[in-house]
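Enquirer: this one's sequence-less:
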């Protein structure tokens, strides 16, 4: 029997609006409560908000860091993974998740979302503007959460 | 005295329209005639068109390949560099150029262009639709070529 | 206050001798009991033995996988991180740990140990033959465990 | 008809003995005269010696650099490829060649040679001490050159 946990990648701007940061935090709580491992870039903004939410809900948080020092991770990352790869670590963040969740949009987030789609990952977004073929955009957090619950009950989500 | 050549990255869709492919070919000729090394992803579409143009003009072409087999490169790549890194190699393509030229747009190209901007590279584009902060879009090949000539005469282009 | 856990990388052959596999398992138990996160390559042999030991002791295990499918991880990996980067992921395994522990030697392990030393990491080994400048070799598991306890009480180990 | 050139990777210490540096230079001349593209890490020591030899013989030299600045390459590198990947670029150097030639030994060279063997590449060495399963060690430059000529006439070398 496998002890693997579900791994989800969460991406988003390092300088989010208060509304985006709040939804990232609430999404983190939702994921943490349901036992999903949250993988993110490990630094500030949406990365910190989602880590804090997941951590406070008892969930496991992994930060894949651009630098070589694990101490650079935000305090809610339980597993800081230093890479020394700079922005190239963005690829690793999206490669790790079976699903990629984007909360808010920035140039870096756009780069990660398009890379995730190129890798064939489902990408689900909140607070998103730029239309991308294959990206599924949600109107609000409630709808995103409902879709997550459905997906976890489907064969793809196991 | 350094024998370094100028290295430019060219990105674009693997299934371009005839017009995009033609401009990629002509851009390749222009770059090859002026001694620039053209770095691309080494496969088909815009990658092959720009390689063919540069090669026919006597220029040097480098293909950074996703797979482990150098023979997968298009025939106009003189230096096939196998990586075995899959789509991660896209980042290497844009990291190599002092300037990144996008001819045509696709999801993969959008990912590469946004990564290039994140790395602080100038990104100049032809046949581009999605507005991106920092990306400089040109109306036609002639204007792009004029900007390249100016840039090569500026300190940044040396 | 930071919630970071200590991250240690464990490397070793995928086809170890029974003695090496047993020590990897016991080392995993030791690390898991002390709250260290064990990062490894996620597959079989020493990777599976150390994951199983750490998991059974209630510890957290992370597998950085060569392929794109998290299901390829051994069953004792709780956080399977797919990369799609093939053997390149070996570098990520050693980059993640503040300390790299090698149990048993193989060509792949030698490559990882020398890379870790090149990155400036301390590398401690058991069942090791090839002398490497900077590598610290231990005569048996007990001595390695004592050194780990000392290191955790030193400033470098925090 | 393909215009691909043969790509060979050359690895070796950045602070070689005079004898090792001289053989690297002469090997570069030999490779350059025969139209092979020499890929190396682009910096000093063996990397510079082999680049200089190949360049002076009219050959093409590619330097895959650890940093983000192409100007860091030694002056005999005609195609400087910046990566920003630090020591991880060592992997790319050996992944690029159909054959990996090691001239002299150091910890970094050992790491690259073992990685190359792990990737299934033939690794041929000069001035090498540590025995490695699969590595073919040559007694002197003449013997290495003879083996290269034979290999180029074999199906694997084409």
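Expert: Received, thanks. Computed from a predicted model, the values in this text were never measured in an experiment.

Enquirer: And the pLDDT for residue A:124?
Expert: Residue A:124 is assigned 98 on the pLDDT scale.

Enquirer: What distance do you get for the residue lying closest to it once chain neighbours are set aside to residue A:143?
Expert: Nearest residue to residue A:124 in three dimensions, chain neighbours excluded: residue A:136, at 5.0 Å (CB to CB, 6 or more residues apart in numbering or on different chains). (Glycine included, C-beta is placed from N, CA and C.) Here the criterion is CB to CB, to the nearest Å. By it, residue A:136 lies 10 Å from residue A:143.

Enquirer: again, but for residue A:121
Expert: 20 Å.

Enquirer: Would you mind listing where chain A has pLDDT under the threshold?
Expert: A:158 (pLDDT under 70).

Enquirer: other SSEs contacting the helix ranked longest in it?
Expert: Secondary structure of chain A per DSSP state H: the longest helix is helix A:18-33. Helix A:18-33 is packed against strand A:7-11, strand A:37-40, helix A:46-56, strand A:60-65, strand A:99-103, strand A:123-126, helix A:141-152, with contacts defined by 3 or more CB pairs under 8 Å, 6 or more residues apart in numbering or on different chains; DSSP states H and E.

Enquirer: Now with 7 Å, please.
Expert: Contact here means 3 or more CB pairs under 7 Å, 6 or more residues apart in numbering or on different chains; DSSP states H and E; on that basis helix A:18-33 packs against helix A:46-56, strand A:99-103, helix A:141-152.

Enquirer: What lies in contact with it?
Expert: A:8, A:12, A:16, A:38, A:45-46, A:49-59, A:101, A:103-104, A:126-127, A:141, A:145 (CB atoms under 7 Å, 6 or more residues apart in numbering or on different chains).

Enquirer: Which of the helices or strands spans residue A:132?
Expert: Using DSSP states H and E, residue A:132 sits in no helix or strand.

Enquirer: Quick check: it vs residue C:58, distance?
Expert: For residue A:132 relative to residue C:58 (CB to CB), the value is 42 Å.

Enquirer: And those two? Which one has more around it.
Expert: residue A:132 (19 against 10; other CB atoms under 10 Å in any protein chain shown).

Enquirer: Pretty sure the more buried one sits against residue A:113.
Expert: Yes. Counting by CB atoms under 7 Å, residue A:113 is a contact partner of residue A:132 at 6.5 Å.

Enquirer: still on that earlier bit, out of residue A:121 and residue A:143, which sits in the more crowded spot?
Expert: Neighbour count, other CB under 10 Å: between residue A:121 and residue A:143, residue A:121 has more, with 20 against 13.

Enquirer: Give the closest residue to residue A:91 in space, chain neighbours not counted.
Expert: residue B:88 is the one closest to residue A:91 (CB to CB, 6+ apart), at 5.1 Å.

Enquirer: no no, residue A:7
Expert: Nearest one to residue A:7, counting by CB to CB, 6+ apart, is residue A:37 at 4.8 Å.

Enquirer: So residue A:77: helix, strand or coil?
Expert: Following DSSP: H, G, I helix; E, B strand; the rest coil, we place residue A:77 in the coil state.

Enquirer: what separates residue A:91 from residue A:108, distance-wise?
Expert: 12 Å.

Enquirer: I meant to write residue A:78 there.
Expert: 23 Å.

Enquirer: Comparing those two, which shows the higher neighbour count?
Expert: Shown here are residue A:78 and residue A:108; by other CB under 10 Å, residue A:78 has more neighbours (23 against 19).

Enquirer: Backbone dihedrals for that one, both of them.
Expert: phi -80, psi -30 (degrees, to the nearest 10).

Enquirer: likewise residue A:4?
Expert: phi -60, psi 140.

Enquirer: Just give the nearest non-adjacent residue to residue A:50, would you?
Expert: residue A:28 (3.9 Å).

Enquirer: quick one, what contacts residue A:41?
Expert: Contacts of residue A:41 (CB under 7 Å, 6+ apart): A:47, A:63-64, A:89-90, A:93.
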